[in-house]
Each structure stands twice: as C-alpha cells, then as structure tokens.
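Student: let me see the structure of the following:
(3 chains)
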Amino acid sequence: MNEEIIIAGFGGQGVLSMGMTLAYSGMVEDKEVVWMPSYGPEMRGGTANCTVILSDKKVSSPIINQFDTAIILNQPSMDKFESAVKPGGVLMYETNNIINQPTRTDISIFSIPANMESVKLQNKKIMNMVMLGAFLSARHVIPLKSIIEALKKVLPERHHHLIPLNEQALTRGMELHKVAANSEGRS
Amino acid sequence: MSQKHLMKGNEALAEAAIRAGMKGYFGYPITPQSELLEYLSVHLNNRGGSFVQAESEIAAINMVYGAAGIGERAMTSTSSPGFSLMQECISYIACAELPCLLVNIVRGGPGLGTIQPSQGDYFQAVKGGGHGDYKLIVLAPNSVQEMADFVYLGFDLADKYRNPVLILSDGALGQMMEAVKFPDYDIEAHKVDKSEWATTGNATGTHKVITSLYIKTEKMEEVNLKLQAKYREIQEKEVRYETVETEDADLVIVAFGLSARVAHKAVDICREQGMKVGLLRPKTLFPFPKDQIKSLAEQVDQMLVVEMNAGQMLEDVQLNVSGKIPVEFYGRMGGLIPTPDEIVNKIKSMYEQYNPMEVTHV
Amino acid sequence: MSDTFNEGITCEFLDDCDIVWDRPDSLLDTRLHYCPGCGHSVVHRLLMEVVDELGIRDRTIGIAPVGCSVFAYNYLNIDMQQAAHGRATAVATGIKRVRPDRIVFTYQGDGDLAAIGTGETIHTVNRGENIVIIFINNGIYGMTGGQMAPTTLPGVKTSTTTSGRDVSIHGHPLKIAEMLALLPGAYYVTRTSVISANHVRKTKKALLKAFKYQMEGKGGVSFVEVVSNCPAGWKMTPVDSNKWLETNVFDNFPLGDIKLPVKD
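Tutor: Below you'll find the predicted structure:
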C-alpha cells in the first residue's frame, strides 16, 4: 500500500490537523508516514495545504507532484490540485466551498456536504473530521478505530471529551461518502 | 529501542539533544528553526539543562563558546542569515578546539531571502564560512529520524575530535513530520574526559586557558598544522554515505539531504522505466566521500548532481571525477524543491545526449 | 632585562622583617606587557588578591576579550577564556548557566564593553546573570594605537579625532554604568579609580564586595568600573595622566557607588 494524499484549503479549516491525525493513524497501523506542511506566510490566513504519505515501505520523496487522493476545501485549492490527481485517483471536495465543479472524467469525484453536517452536529470545527470520514470510506487504507487512537494523541488532554463528537463526525462522513458514491454511480 | 513518535524534524532534533546530555542551549528566533527554540524553552530547564534565548545570534554562539569551554555539551541552532552572523565566533571555536553542536536549518538566500527550504549554504558549511583555515564536521540528515540520530553522532564526534560539528538541514526537513525512534543512549558511557583543557577552575596550580590568539607566527603555524592533521584524520576515518542501486548503474545521481530524498524517488521511477540509475548520498559533507566518487567515476558513464542551490556540492563532485566522465547538474533555487519528475526528465535528456565517443576514459 | 618580577631584590634581614606587601599567589611571577604607569597592572593585582583572600581560585573563571587586557591570561594564574571582541559577557553567561557553582568574571575595556559589545553588556545585565563585570574605562583604544573610544571626552585628541572629539560629529561620551544601573538585573554598580593608595584600597573593597555578592548568589550583575589612564595613548607621563583624571575625567565620570543592593 502506498497512498499519497494532498489536503488543501484555507488556514483555519483544520487542514493541517486533519493531515496530522491521518499521519498519526498511519503510525498506529505501523505504516511508514510523512506529513509535510506548506509553511510560511501562507499559514497566516491564506491557503494552507499538507501532504500525507502512508506506505508499507520506506517513503523516498516527501516532495511529490501527483496524488492518489486530493481533499479540497476551497476554490483556489481546486484550481491548483485538480490536475495533480493521478488517473484513477480520488478527488473529494467540500460542497459549499466550491463554485466551479471539477471537470476531469478519469478520476472519482465526490462532493461531501461536510460544512452542513458540522452545523447539524453543532460544531463547525468538526468539518475536517467529516471530510476525513469520507476519505476513510473512499480509500479503505485506515480503519476508523486507528483514527480514534490517533485523536487521543493529537488532541490535548483537555479536549479528549470531544472525541465522541469527532467519532460521530467521522461516521457521518463515511455515510455521506456512500451517499455521494451512489448518487454519482461510483464507489 | 523505544517507541515511535510522530514529530517535526526540528522537534526531533531538540528532543535528541536533551537525551544526548546537552547542558546548555543558546538560540535566537528565526524562521524556519523556531520550533527548536520553542521546544527547548519548554523542556530543557526541567530536564537538567539550561535554555537561554539570547539577544542575537552573535551572543548565542558566544554563549556556546563559554559553555563548551567549561566542558559541557552545548548547542545553538539558527537559519541562514543567523548562521552568517555567527561566523566570527565559529572560527574562534574551531581554533580553540571546543566541541559543540551547531544547527543550520537552511532557508533560501542570498540576503534576507525566503523562509522556504534551500541548500544554498553548502559552501559556507564545508569551505570554512568564517576567517582562517578551519573545518567543521558537517552532517546532512535527510529524514526526521536522521535529524535525531545525527545529534548523538554530532556530539560524539565533537567530543572525540574537539571540533565543532554542524548539522546542515533545511526548512522542509525541519517542518515535516515522520515517525522517529530515539535510541537508548547512555550519556555517562559517552562522556569524554575534558579535565585537561576545560576551564573549570585552577585546582592544580597550573591554569588552563582557552584562546585562539597566538601572536608568534611560528606558534600560529604550529596550531594550524595541528588542525590540518586533525582534519586529515577526520577525512580518513569519518566519511559516511549511503548508496542506492549503484551496483549495476550506468548513471549515478549525487545528492544530499532533502534533495537526496527526491532523487531517490527519481531513481525508483527510472528503474521502473528500465534506466540503470543509482544514487550516492553523502551523509557527511565534510569529510566528503571523495573515494566513493572517484570509484563511481570509473564505473558509470555519467553523473548528475541535484541540489537546492546553483551548484555548490557540484564543484566537489567535479573535483573528484577529475573530468573522467560528464557531470551534469540540476538544481532549483529561491526556496523551490526539485520534483521527482523534473529529475527524471533531466536524466532522460542526459541519456539522449550521451555520446560515448566524446568521452575518453583515462 | 630580567624576566621575573623581583629578581635582584634581596633583603638580608628578611627573617627580621614584617612582610607588608607580597605578590598574590594567583598573580604569575612574570613581566607585564602593559606600559609604565598603566592602571591595568594594579587592577590585575587587586583582582588576584581578592581571589586568594576568598579562596576561590579552584572555581573561578575569568574572561578577557580583545583589547590591551587580551593577554591577561599570561598574568592571572586562574582558568581563563579569551573571548571575541565585545562578547565577554555572553561567554560568561554560557559558563555560568551550565555551571552555576563557578565564580565568573569578565574584564573588559571601554571599546569592548561600551562600543562593539554594548548589546551583550546590556542584555547580560538585564538578564541579571550572577557574574562580576570589571570595566576598565580609559577613554581610548589603547591596543590599536589610540583611537577614539565611546568614553573619550569632548575635545580630546585621538588618532581618529585629530582636532579633538566633536560631539556634533562623534556623539557624547557614553556613561554606560549609569545606564546599566537603571536595569533591575544590575545588583551593584560602582565607579572607582586606582590613582592613589586611597583609591586603590577603595577599588579593592569594591571588587571584594562584587565577588562576595556573586558567591552569596544574590542574583544580578555586580559591575565595577575603574576609571583608568592610558599614558601612552594619551601621550602623557604617568603622573600627568593621573592628574588629568582628577582635573578632567572625574567630572564626567564621577567616582562612587551608582547603585547599591537594596537591604533585605
């Protein structure tokens, strides 16, 4: 298994922490992992992205320009990374944040209403976990229980009471992916 | 071996320094190394060491001079412009033969430059940097694991040779997270007797002096000759490198640090496409793996040097290839990182243009 | 020329004499390179008397940076580190932070402490490092041949102010001791001289106090400024240079305590 993922959006959407949780869960699964953030001025309110690589063998380059999966949370990131998904790969995006729909036909595309779902769960910060849940369902590289393990490491102790809410969001994300896959006739 | 931790390169390096028995850390904030400073500000003072945020890089390196001079493990870390500021004192440290660990998380230059990763400080690291004839032992990690491992190695080499050791890394390796295991390291077992020279107080009646001032020219030359003999010994004994698929290669990439990670991927892609490409990665930039370059020049048809600069290690490769085979260069500057595809394309063009008739093998 | 300090001096009746003065053990028996009449040698002697009297030679580390006193380690039989120009207090910080049980002092001139090393000086004092700073202020760059120092008085001729220091061009003499006294990290700040036996005694007392404060771990810098002379640089006889101190310099750099420890 070798999964190369780009997660991209605005600063504040939980892009980096989503990637970190994913990387941690990979370590729980005893995979080789790399988490590479974009850093610098971009961190201050502009676009933010991070690359996560999960692999059964040692990861050579942390710098890659083609991805198996792109998780896109805003339009500028869609414009930048749609073309960087490998043929046959997956592109999933947050429904409300995208104006121009992706046009590629050689990849699987899923629109996930994660923002709306986070409103229903009464915590807008949980949007990234809904997206992560959708990823778990789409790619099957990490089981849900390892993400929960990872959250225990990523979240500071004082936020551990939020883990059940995170789990709910992840589960909802997995369901939303299935809905999106059925409606678009893809899996 | 203990458990795995997911850490940023900067944090792994800082944690390793504490575990290696560092007693004094002195630093000044500069992107992209500030996590090092921040991590140590939280953890060092309650784990047996002393953390000082200095008023400048100049003050920081001079604090290292003092702490190393009294025989304790001391370290500073900075990024490119800050490392330039430290050069005067590093020259003093090299001449006074004080063991210490320096870290340069390189960013793009020249000038204030950019905060994105670069390897533009290679010349400064391996050719001196400050005034006079001296050398640092230069270690170039290419993973978060090596960011930690080279701290132990660095302190040990520094103590062994009474020489400053530099870890030359970059912003990307500092900022990225990978799993890291910290070795079981027995600080006491690695302690070196420094009582002959460390200025801990005159308890014997004969005082010890740490200086780099020798007004008599003959004495100054003697000091220089001693240093040069030490550098030759280091060149003989301490070369470290890694090779990837060089055995049957007809083209070898030479790259260090982050560039070598990208180059490794390029090697994988080339191999999948049937090209016999290998990789030589120097882990020590001084001492440089001269003999390995020389013997590869006898074996392969072409070499490609990949760096995040305008071609600095390239000169050391060319020097050792001595014109026997063509040496090409691919580099990005200004904080940009070459991608595997860019390197593969360069290799393809090298194969296309290669004409064995033009090369005379000596 | 004799290479030892007291070779040739004999006293047939030594056994019958009371020794009223002797070279302190920690002062090496060697010729000094300082010019005749220079205050450095007196302060060196006082400093080593203090080290001997306090019995701290086995745990004292001195730092002499660039300037005339760069060779202090040739005379002081204590462990020493030679520092880069201006950086003595940073070096002292490094030593003291990793070995707080050691007694650490710097010995710096005016160019070193108040020009190139101003930043280190201010921040070391501001951090309240528990060290002693000895500041020899002679108003000139002695070692490099008599250039203007930050403490050179207005109108004084040096090799870089040949018509005299013009404050509109070169600025004013820097009273760094008064500046440092404002910082909470300064524990004890005083200004003395060594122009006469009386002043020498006062300087010795000040040095003793400064070292005791450090040993007691009072916290904070003890700063002893010695306003001294430079007969060669000033192009004066030693006697005239001391007179000049009294008639001109002390007005600008008044002697006495600038900051005393708050009684607890």
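Student: count of neighbours near residue A:146?
Tutor: A count of neighbours around residue A:146, defined by other C-beta atoms under 10 Å in any protein chain shown, yields 20. Backbone N, C-alpha and C define where each C-beta goes, glycine included.
Student: which residues touch it?
Tutor: Shown in contact with residue A:146 (C-beta atoms under 8 Å, 6 or more residues apart in numbering or on different chains): A:25, A:26, A:28, A:29.
Student: did I read that right, it in a helix?
Tutor: Yes - using DSSP: H, G, I helix; E, B strand; the rest coil, the assignment for residue A:146 is a helix.
Student: residue B:156 reaches residue B:189, doesn't it?
Tutor: No - judged on C-beta atoms under 8 Å, residue B:156 makes no contact with residue B:189 at a distance of 10.6 Å.
Student: quick one: which of these two has more around it?
Tutor: residue B:156 (16 against 6).
Student: residues of the stretch 251-362 of chain B that sit close to chain A?
Tutor: B:258, B:261-262, B:264-268, B:337-341 (C-beta under 8 Å from any C-beta of the partner chain).
Student: which one of the contacts of residue A:146 sits in the busiest neighbourhood?
Tutor: Counting by other C-beta under 10 Å, top hit in the contacts of residue A:146: residue A:25 with 28 neighbours.
Student: give me the three-state assignment for the residue in chain A sticking out farthest from the centre.
Tutor: Going by C-alpha atoms, centre = their mean, the residue of chain A most distant from its centre is residue A:158, 24.2 Å out. Per three-state DSSP, the secondary structure class of residue A:158 is helix.
Student: do the longest helix seen in chain C and chain B meet?
Tutor: Longest helix of chain C, by residue count under DSSP state H: helix C:197-215. No - if you take C-beta under 8 Å from any C-beta as the test, helix C:197-215 misses chain B, and the best it gets is 13.3 Å.
Student: what is the mean pLDDT for the helix or strand that that helix is followed by?
Tutor: The first helix or strand that comes after helix C:197-215 along the chain, using DSSP states H and E, is strand C:221-227. Mean per-residue pLDDT for strand C:221-227: 98.
Student: ok, stretch B:41-53 next?
Tutor: 97.
Student: could you pull out the helices for the stretch 51-200 of chain C?
Tutor: Here the stretch 51-200 of chain C has its helices, by DSSP state H, counting those that start in this stretch, at C:88-98, C:110-111, C:118-126, C:167-170, C:176-181, C:197-215.
Student: show me the shaky parts of the stretch 151-264 of chain C.
Tutor: For the stretch 151-264 of chain C, the stretches with pLDDT under 70 are C:263-264.
Student: ok and the residue in it nearest chain B?
Tutor: Nearest residue of the stretch 151-264 of chain C to chain B (C-beta to the nearest C-beta) works out as residue C:185 at 12.6 Å.
Student: gap between the two ends of stretch B:278-287?
Tutor: 22 Å (C-alpha to C-alpha, to the nearest Å).
Student: what mean pLDDT does it get?
Tutor: Stretch B:278-287 shows a mean pLDDT of 98.
Student: list the buried residues in it.
Tutor: For stretch B:278-287, the neighbour count (16 or more other C-beta atoms under 10 Å in any protein chain shown) marks B:278, B:279, B:280, B:281, B:282, B:283, B:284, B:285, B:286, B:287 as buried.
Student: Provide the contact partners of stretch C:194-209 at residue level.
Tutor: Contacts for stretch C:194-209 (C-beta under 8 Å, 6+ apart): C:39, C:42-43, C:46-47, C:49-50, C:53-54, C:132, C:134, C:188, C:190, C:192-193, C:222, C:224, C:226, C:228-229, C:242, C:245-246, C:255.
Student: now the helices for chain A?
Tutor: Using DSSP H, helices in chain A cover A:15-28, A:75-81, A:114-120, A:127-139, A:144-154, A:163-183.
Student: and the ones you listed, which is most packed in?
Tutor: Counting by mean count of other C-beta atoms under 10 Å in any protein chain shown, helix A:127-139 has the highest mean neighbour count of those, with a mean of 26.
Student: mind giving me the packing neighbours of that helix?
Tutor: Helix A:127-139 sits against helix A:15-28, strand A:67-72, strand A:85-94, strand A:108-112, helix A:114-120, helix A:144-154, helix A:163-183, with contacts defined as 3 or more C-beta pairs under 8 Å, 6 or more residues apart in numbering or on different chains; DSSP states H and E.
Student: mean pLDDT added to the ones you listed, as TSV?
Tutor: Formatted as TSV, the helices and strands packed on helix A:127-139 follow (pLDDT from 0 to 100):
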stretch	mean pLDDT
helix A:15-28	96
strand A:67-72	98
strand A:85-94	97
strand A:108-112	97
helix A:114-120	96
helix A:144-154	94
helix A:163-183	95
